[in-house]
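Q: Return atomic coordinates for the entry below.
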Amino acid sequence: MTTSAPFETDKLIRFHHCDPAGIVFYPQYFVLFNELVEDWFNGGLGVDFGSFHAVERLGVPMAHIECDFLSPSKIGEVLRFRLAVKKIGTSSLTLAVDARAHDEVRVRATLVVVLASLDAHRPVPFPPEFRRKLARFEV
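A: A predicted model of the protein is given here:
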């Protein structure tokens, strides 16, 4: 793992992301944000997201989202999504996210996710090793 802040990945805007006008239907950005977090776990943190859920029985549900939709994105465009850690709490993370096309920011968001036990449905503290992985993406 040599990646550090911010984590970046490209996403193709597909037909299923769009409304009849051919632009991203805004709730689909929340789906794309969730995919971004999953990609970050797998490709940035080196944590297998599937095993994290199925074996370790941990999840990172979103507790809060603030989002600005700045410019429409269209079917067929490739957006570059970026994610950086703004704050690491005891059991929550504040993430700064944006998506760009052609050097234009299309959407910007602040996400708060919580490390939670999938069995107890309660927050749990970040283990020290996991906290070190997160810190590599802190800005």
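Q: Flag every buried residue along stretch 42-54.
A: 44-45, 47, 49, 52 (16 or more other CB atoms under 10 Å). Just so you know, the C-beta spots here come from the backbone N, C-alpha and C atoms, and that holds for glycine as well.
Q: Could you list the residues in contact with it?
A: With contact meaning CB atoms under 8 Å, 6 or more residues apart in numbering, stretch 42-54 is reached by 1, 3, 7, 9, 38, 41, 58-59, 83, 118, 130, 133-134, 137.
Q: and which of these is nearest L111?
A: Checking the contacts of stretch 42-54 against L111 with CB to CB, the nearest one is L83 at 8.5 Å.
Q: Give me the number of neighbouring residues for the closest one.
A: Neighbourhood size, L83 [other CB atoms under 10 Å]: 22.
Q: ok, now the one 3 residues further on?
A: Residue crowding around K86 was assessed by other CB under 10 Å; the count is 15.
Q: Does it touch A96 like I think?
A: Yes - between K86 and A96 there is a contact at 5.0 Å, judged by CB atoms under 8 Å.
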